[in-house]
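[1] heads up, no residue letters with this:
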Ligand SMILES: O=C(O)CCC(=O)C(=O)O
Ligand SMILES: [Fe+2]
């Protein structure tokens, strides 16, 4: 299985290719979706600067709770796979920052904040464009999904995977443990280091090789539920980084508003395809998964 590349500007082929990729792989590389390279570069630069600060300084911007979903989390504070050792990554998460204002002292700096607001805005416009195409493919109104994603569960997350010395980690310890994403879809911007892997239908891990100028897009659990399993929320993980260079990535999680009721759409259900999922609110699903990946480390 290769992760397919789709040119979003080709209106005659993109919708069907998008549907095909989400159904068969759950991941795709999207080009020409309107991401401004300078905005992305600036955000990555700010991310590198922030993570290079001392542990003490970074601790001043700590994450407080899953409901707020904002701030810095250090190495081994999260288990995306609750059955594995904690992830060797540090993160800075920013939820709903176009509408929710966090006090200045919660931000690492004014330039950092400006850079993140710009990327958030740019990524949101791209995500809405993709959602409109998906809606039409699924036989609902074009704005069916965008109306349910007003921002309260949309977040931008900077990730830093420092290199680990050979033999420095146990067998099962990863940069990010195997998991599926919680929401509708995720846009991922990765540097050229590599390490992200996607599980294929033969249960083999395949590299999602970084591709310049492309955004990696993947389907989350709630889109899988809406499509009654037609679109796949695929397991993925990040290998620990060896060598000398750190890996940096930025994820943009596009998740529905808390009160959104998610159940299989009529176009995805038939006599041959009875509903596989019960209805749930998006809020319940997201909070349960967030808590699960943070609480697990206290139980080990
Ligand atoms: O950093 C990456 O490449 C992937 C991170 C990821 O899958 C996640 O945070 O959900
Ligand atoms: Fe993920």
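    Noted; the coordinates are in hand. Since the model is a prediction, treat every value here as computed from it, not as a measurement. Residues are numbered from 1 along each chain as shown. Ligands and ions are numbered 1, 2, ... in the order given.

[2] all strands for the stretch 101-250 of the chain, in order.
    154-161, 176-179, 185-190, 196-199, 205-207, 215-219, 236-238, 247-254 (DSSP state E, counting those that start in this stretch).

[3] most tightly packed of the ones you listed?
    Per residue and on average, the most neighbours among these fall to strand 215-219, with a mean of 26 (mean count of other C-beta atoms under 10 Å). In short, each C-beta sits where N, CA and C put it, glycine included.

[4] thinking again about what came up before, turn the strands of the stretch 101-250 of the chain into JSON lines, including mean pLDDT and distance to ligand 1.
    Below are the strands of the stretch 101-250 of the chain laid out as JSON lines (pLDDT from 0 to 100; distance: least, C-beta to the nearest ligand atom, whole Å):
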{"stretch": "strand 154-161", "mean pLDDT": "98", "distance to ligand 1": "4"}
{"stretch": "strand 176-179", "mean pLDDT": "94", "distance to ligand 1": "5"}
{"stretch": "strand 185-190", "mean pLDDT": "98", "distance to ligand 1": "5"}
{"stretch": "strand 196-199", "mean pLDDT": "97", "distance to ligand 1": "4"}
{"stretch": "strand 205-207", "mean pLDDT": "95", "distance to ligand 1": "11"}
{"stretch": "strand 215-219", "mean pLDDT": "98", "distance to ligand 1": "8"}
{"stretch": "strand 236-238", "mean pLDDT": "97", "distance to ligand 1": "5"}
{"stretch": "strand 247-254", "mean pLDDT": "98", "distance to ligand 1": "4"}
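
[5] got these as CSV, with distance to residue 267 columns?
    Shown next, in CSV, are these (distance: least, C-beta to C-beta, whole Å):
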stretch, distance to residue 267
strand 154-161, 25
strand 176-179, 28
strand 185-190, 18
strand 196-199, 26
strand 205-207, 30
strand 215-219, 16
strand 236-238, 27
strand 247-254, 21
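
[6] which of these sits closest to residue 69?
    strand 154-161 (5.8 Å; C-beta to C-beta).

[7] on the pLDDT front, check residue 83 for me.
    For residue 83, the pLDDT comes out at 88.

[8] hang on, I meant residue 1
    With respect to pLDDT, residue 1 has a value of 65.

[9] thought residue 34 was touching residue 126?
    Yes: between residue 34 and residue 126 there is a contact at 5.3 Å, judged by C-beta atoms under 8 Å.

[10] of the two, who's got more company?
    With neighbours defined as other C-beta atoms under 10 Å, residue 34 and residue 126 compare such that residue 126 has more, 21 against 13.

[11] wouldn't that one be in contact with residue 35 here?
    Yes: counting by C-beta under 8 Å, residue 126 does reach residue 35; the two are 5.9 Å apart.

[12] residues near the closest residue to ligand 1 within the stretch 1-150 of the chain, how many?
    With C-beta to the nearest ligand atom, the shortest gap between the stretch 1-150 of the chain and ligand 1 falls at residue 80, namely 6.6 Å. A count of nearby residues for residue 80, using other C-beta under 10 Å, gives 23.

[13] ok, the residue nearest in space to the middle of the chain - contacts?
    Computing the C-alpha centroid of the chain and ranking residues by C-alpha atoms, centre = their mean puts residue 186 first, at 3.8 Å. Contact analysis of residue 186 by C-beta atoms under 8 Å, 6 or more residues apart in numbering lists 217, 218, 220, 251, 252, 253, 254.

[14] show me the contacts for the residue of the stretch 1-150 of the chain closest to ligand 1.
    So residue 80 contacts 87, 176, 177, 178, 179, 237, 293 (C-beta under 8 Å, 6+ apart).

[15] the first one: how many residues sit nearby?
    Going back to what we said before, that points to residue 87. Residue 87, neighbours per other C-beta under 10 Å, totals 28.

[16] show me which residues of the stretch 101-250 of the chain sit near ligand 1.
    159, 176, 181, 188, 190, 196, 236, 238, 249 (C-beta under 6 Å from any ligand atom).

[17] grab the nearest non-local neighbour of the fifth one.
    Nearest non-adjacent residue to residue 190, counting by C-beta to C-beta, 6 or more residues apart in numbering: residue 249, 4.2 Å away.

[18] that neighbour pairs with what?
    residue 159, residue 190 (DSSP bridges).

[19] pretty sure it contacts residue 192?
    No: between residue 249 and residue 192 there is no contact under C-beta under 8 Å: 10.8 Å.
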